[in-house]
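A.B. asks: Structure for the following, please:
(2 chains)
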Amino acid sequence: MPVLQLLSGKSLLPRVKTCPGGTNWQKVLTGQSQISVVCGWLAVWSLKEIQNPQGDGTVTATSLLSVKGLTKAYPGVVANDQVGFEIAPGEVHALLGENGAGKSTLVKMIYGLVRPDSGSMVMNGAPFEPGTPSAARGDGVAMVFQHFSLFDALNVAENVALGMDQPPKMRELSRRIREVSENYGLPLDPDRMVGDLSAGERQRVEIIRCLLQDPKLLIMDEPTSVLTPQEVAILFETLNKLSEEGTAILYISHKLEEIRTICDSATILRLGKVVGQCNPREESARSMAEMMVGQELLIPTRTPGEPGEVLLELNDLSVPADNQFGTSLRNISLTVRAGEILGIGGVAGNGQDELVLALSGEVRTELNDIIFKGIPVGTLPPNPRRALGLLTAPEERLGHAAAPDMSLTENALLTAAIRQGLARNGFLNWPKIRKYASEVIETFDVRTPGPENAARSLSGGNLQKFVIGREVLQDPDLLVVNQPTWGVDASAAASIRQALMDLAAKGAAVICISQDLDELMEISDRFAALNEGRLTPPRPARGLSVEDIGLMMGGAHDMEAAHV
Amino acid sequence: MIRLEKRPQPSKLWIALTPVLAVIATMIAGGILFAMLGKPPVEAIRTIFWDPLFSEQFAAYSRPQLLIKAGPLILIAIGLSLGFRAGIWNIGAEGQYIMGAIFGAAVGLAFYPMEAFYIFPLMVIAGAFGGWLWAMIPALLRTKFNTNEILVSLLLVYVAEFLLQSMALGALRNPDNSGFPGSRNLSQYASASNPELFTGTGIHWGVLTAFIAVIGAYILLSRHILGFQIRLTGQSERAARFASVNPKRLVIFCLGISGLLAGLAGMFEVSGPSGQISIDFNAGYGFTAIIVAFLGRLNPVGILLAGILMALTYVGGELAQIMLGLPAAAIQIFQGMLLFFLLALDVLSNFRIRFRKGGIA
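C.D. replies: Numbers count the residues shown, from 1 in each chain, chains lettered A, B, ... in the order given. This next block holds a predicted model:
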């Protein structure tokens, strides 16, 4: 078992192991420096495995699930319009589409969370009409959600038991968790508290919960958004193994390179309709993105300039965690210059939120820990920092960056009051605020009927454009963004990245914290990683290899902890 | 089967309509209640809602009573609504109202029998200070020790009631009244009285202050950054922090302003309609104001209307007690139903009702 060999080794990183195809890991990794290489290699491998199944020939059998004419309408929008596709046993099938294209509605119907208005589904030759998720599970459908539903204060086995319809006795369950997890190369200790697990390990809990039901169809919603490259590689091996065994996988992701790597076929949705089927391996990421968007995609471009004077200095910044499961920031030192984009990577939950809060002023530190333009600002609240030119756009759009039930006009006021002079002596100038909100909406192509609409009525991508646009149009000297394109469709993501680059070209500095490494490599001048609250020294982004990045992120670290 | 579907944004129409529907539903349920008590339902409802305003027999007495009762309700509810909007729950306005009355009356009585123009303004300041001071106790305990302001402010009501009794029996007792409990009557002491300003309307300084508070709160909430911060904090505390709101300062401001206005209401009451500090001076305005605040959708203009409506049920309820012999408890149930129906119907402003056959198994 190559998977087990990989995991039982002392470290994952010096992967000089021979794969079945005879390719050498090290050679592949050092030969090029794209993340997709790891994935690409796996793809070649998985393709071979699938094309040469061990003789039982299940792969070419008739379809496992066939969906025909599925339609679901919500008030004002047809989420799915006559959607149809087929998935065969062992097939890894991608579901591609922009936000609001109808991917979630479709999988919710398959998983029994939503009932279609019309259309039919056939599973293994029999009509399939799940009324509830447990009915769907009964028919062999399992789903790993993007947002985990786990309880921090319970251990792995207890969490798994909570999600099962008829959990076995605890001891038996623990034994099976061990067995299944080792079998699929996802080692997991059933007695550990979920609160102590990394995001990657939490995802394993969810996956193993599904695998224990022995699913025929596994639905995965954006599974790699919380993983390091190494963890992604491990996940893909697991998926390949499952697919070899005949489990079909429905894979939802925005990361086109990943889809090209892992998926055998793809169904592309736009505005609730199927606009195309393709073999992702024969398409480029760009061509798939254009199919999704229905227009030509503008790829962000950038010419890095000379870095200017020092804008931000962090001196040994330490912030204790405010709760048991939070992350403490430890001794972070950093210098950021005008005109540069610093990318900060890392697995979610390694201090990203805490760093943003400390920079924005929502969490105060020692005065001299943060020096902005030569002025110590560590103890200043957010507005005085904004006045100086330090702006932030936090990750959580609804409830942090924007108030859900307030209009876009009011949300424009939320951060722009000071720099845009929207209030005099505390009295608000509503016409001016409305004008600023409209300007953001127009400049950043936010799709909404008007600035009087509530923030929560916007789709995630549109709200993100608004949130980023609101800061960019304030002409910041330093903009800190966290996950600027998380859950945002390809065209919106491209325009957001372009806006960040334009900002840097105008002489501002940008700190971009993200879990999307492709994004960071695309826009950053320098790259650093957060790992358990510590920041690695930044290195020039150009020429960094996947291995370097993995080492910086400390990805292997987490995995070893999971050994049993 | 009936299903609720979340609206993309709250419906403006339903936000305005639900209070009206709640009143109608209360009338219907109240009518049934009165019928079960053996009283004529239509006549009872008419006695409560119509007679105080339009009956030839009672209107001359009832109409001024309406504003006299509505004044303190509106004044207190306006203060409470600011905190409620920010998620700061001052349930103890009754106590702050009592403390305002005690402080105001004490200052006035200290000058007795001197006559001077500055006595009444001093009483106003003292009354406001008393209410503010009482509200600062839960405010400081919350900001320093993270105690729950709901419990602390509520429990302080009972402390204030005991203080009131001890004042009525001790320090503020009228020495010329052969040992009977209760203070001198301030409304008979010209420099300290809060008289009816326009004959036959019931308008006194407290009612005017309530109107000013309505206007002030309206401007604060719709035109001032502080009002924006209050609304923002109520929606999302994280977003408020991000917008540079200092949550502790906001707690102190909101509890302070609601205590201050409740104190003023108590002071105007003790120097006007009530006239004296007595054992049972407080009549539950501080609690009823909570209903008024919600009935008015925490909106200043809404509170103005809700205050008048609630005063109507008080005045009309009294009338119904006298004319039809309805028990006092029935009137209280009637007022309680109003809040109940309002909160229940509130669902409609955020959700849409869908009727459909069959269901999700």
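A.B. asks: pretty sure residue A:343 belongs to a strand, no?
C.D. replies: Yes. The assignment for residue A:343 (DSSP: H, G, I helix; E, B strand; the rest coil) places it in a strand.
A.B. asks: In the sheet, which residues pair with it? Tell me.
C.D. replies: On the basis of DSSP bridges, residue A:343 is bridged to residue A:512, residue A:527.
A.B. asks: ok, so what distance separates the closest residue to chain B within the stretch 1-150 of chain A from residue A:118?
C.D. replies: The stretch 1-150 of chain A approaches chain B most closely through residue A:131 (3.9 Å), counting by C-beta to the nearest C-beta. From N, CA and C alone the C-beta is placed, and that goes for glycine too. Residue A:131 sits 16 Å away from residue A:118, going by C-beta to C-beta, to the nearest Å.
A.B. asks: which parts of the stretch 301-450 of chain A sit against chain B?
C.D. replies: Residues of the stretch 301-450 of chain A lying near chain B by C-beta under 8 Å from any C-beta of the partner chain: A:360-362, A:381-384, A:386, A:392, A:394, A:396, A:399-406, A:410, A:413-415, A:417, A:423, A:426-428, A:430.
A.B. asks: how about a cut-off of 6 Å?
C.D. replies: A:362, A:381-383, A:399-400, A:403, A:405, A:414, A:423, A:426-428 (C-beta under 6 Å from any C-beta of the partner chain).
A.B. asks: give me phi/psi at residue A:151?
C.D. replies: Note on residue A:151: its backbone torsions stand at phi -100, psi 120 [degrees, to the nearest 10].
A.B. asks: Residue B:227 now?
C.D. replies: Dihedral angles of residue B:227 (phi, psi; degrees, to the nearest 10) stand at phi -60, psi -40.
A.B. asks: What is the burial count for residue 140?
C.D. replies: By default, I'm working from chain A. 19 (other C-beta atoms under 10 Å in any protein chain shown).
A.B. asks: I was thinking of chain B, sorry if that wasn't clear
C.D. replies: Neighbours of residue B:140 (other C-beta under 10 Å): 16.
A.B. asks: Spit out the contact partners of it.
C.D. replies: Listed by C-beta atoms under 6 Å, 6 or more residues apart in numbering or on different chains, residue B:140 has no contact partners.
A.B. asks: Relative to residue A:401, how far out is the residue in the stretch 201-350 of chain A that chain B sits nearest to?
C.D. replies: Among residues of the stretch 201-350 of chain A, the one nearest chain B by C-beta to the nearest C-beta turns out to be residue A:322. It sits 12.3 Å away. As judged by C-beta to C-beta, residue A:322 and residue A:401 stand 20 Å apart.
A.B. asks: more neighbours, those two?
C.D. replies: Set residue A:322 next to residue A:401 and count neighbours by other C-beta under 10 Å: residue A:401 wins out with 27 against 10.
A.B. asks: Spatially nearest residue to the more buried one, not counting backbone neighbours?
C.D. replies: Distance criterion C-beta to C-beta, 6 or more residues apart in numbering or on different chains; nearest residue to residue A:401, sequence neighbours excluded, is residue A:467 at 4.5 Å.
A.B. asks: I'd say the one you found and residue A:393 touch.
C.D. replies: Yes. The criterion here is C-beta atoms under 6 Å, and residue A:467 meets it with residue A:393 at 5.4 Å.
A.B. asks: Contact partners for the residue nearest to residue A:413 when sequence neighbours are not counted?
C.D. replies: In space, and not counting its chain neighbours, residue A:413 is closest to residue A:433: 5.1 Å by C-beta to C-beta, 6+ apart. The contact partners of residue A:433, taken as C-beta under 6 Å, 6+ apart, are A:409, A:412-413, A:422.
A.B. asks: Spatially central, which residue of chain A would that be?
C.D. replies: Compute the mean C-alpha point of chain A, and by C-alpha atoms, centre = their mean the closest residue is residue A:225, 2.8 Å away.
A.B. asks: quick one, what contacts that residue?
C.D. replies: Contacts of residue A:225 by C-beta under 6 Å, 6+ apart: none found.
A.B. asks: Confirm for me that residue B:293 is in contact with residue B:81.
C.D. replies: Yes. Between residue B:293 and residue B:81 there is a contact under C-beta under 6 Å: 4.5 Å.
A.B. asks: Dump the C-alpha coordinates for stretch B:278-286 into PDB.
C.D. replies: What follows is stretch B:278-286, C-alpha atoms only, in PDB (Å, rounded to 0.1, in the frame of the first residue of the first chain):
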ATOM      1  CA  SER B 278     -46.000  57.200  49.300                       C
ATOM      2  CA  ILE B 279     -45.400  53.600  50.100                       C
ATOM      3  CA  ASP B 280     -47.100  52.500  46.900                       C
ATOM      4  CA  PHE B 281     -46.000  55.400  44.700                       C
ATOM      5  CA  ASN B 282     -44.800  53.300  41.800                       C
ATOM      6  CA  ALA B 283     -47.600  52.000  39.600                       C
ATOM      7  CA  GLY B 284     -45.600  49.700  37.300                       C
ATOM      8  CA  TYR B 285     -44.800  52.300  34.600                       C
ATOM      9  CA  GLY B 286     -41.200  51.000  34.400                       C
END
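A.B. asks: Near residue 232, how many other residues are there?
C.D. replies: Just going to use chain A. Neighbours around residue A:232, by other C-beta under 10 Å: 24.
A.B. asks: could you do chain B instead?
C.D. replies: 26.
A.B. asks: got the phi/psi numbers for it?
C.D. replies: phi -60, psi -40.
A.B. asks: Skipping its backbone neighbours, what lies nearest it in space?
C.D. replies: residue B:240 (4.7 Å).
A.B. asks: so when I look at the one you found, I'm seeing a helix, right?
C.D. replies: Yes. Per three-state DSSP, residue B:240 lies within a helix segment.
A.B. asks: For it, grab the count of nearby residues.
C.D. replies: Counted with other C-beta under 10 Å, residue B:240 comes out at 26.
A.B. asks: So for it, what pLDDT did the model give?
C.D. replies: With respect to pLDDT, residue B:240 scores 95.
A.B. asks: what does the one 10 residues further on give?
C.D. replies: Confidence per residue is given as pLDDT, and for residue B:250 that number is 95.
A.B. asks: What of residue A:17?
C.D. replies: 36.
A.B. asks: can you give me phi and psi for the residue in the stretch 101-250 of chain B that chain A sits nearest to?
C.D. replies: Using C-beta to the nearest C-beta, the single residue of the stretch 101-250 of chain B nearest to chain A is residue B:244, 3.6 Å away. Main-chain torsions, residue B:244, degrees, to the nearest 10: phi 70, psi 20.
A.B. asks: Next, give phi and psi for residue A:228.
C.D. replies: phi -80, psi 160.
A.B. asks: residues contacting residue B:245?
C.D. replies: B:229, B:233.
A.B. asks: cool, and residue A:280?
C.D. replies: Contacts of residue A:280 by C-beta under 6 Å, 6+ apart are A:259-260, A:263, A:266.
A.B. asks: Torsion angles phi and psi at the residue of chain A positioned farthest from its centre?
C.D. replies: Distance from the C-alpha centroid of chain A peaks at residue A:425, with 42.4 Å (C-alpha atoms, centre = their mean). The phi/psi pair for residue A:425 (degrees, to the nearest 10) reads phi 50, psi 30.
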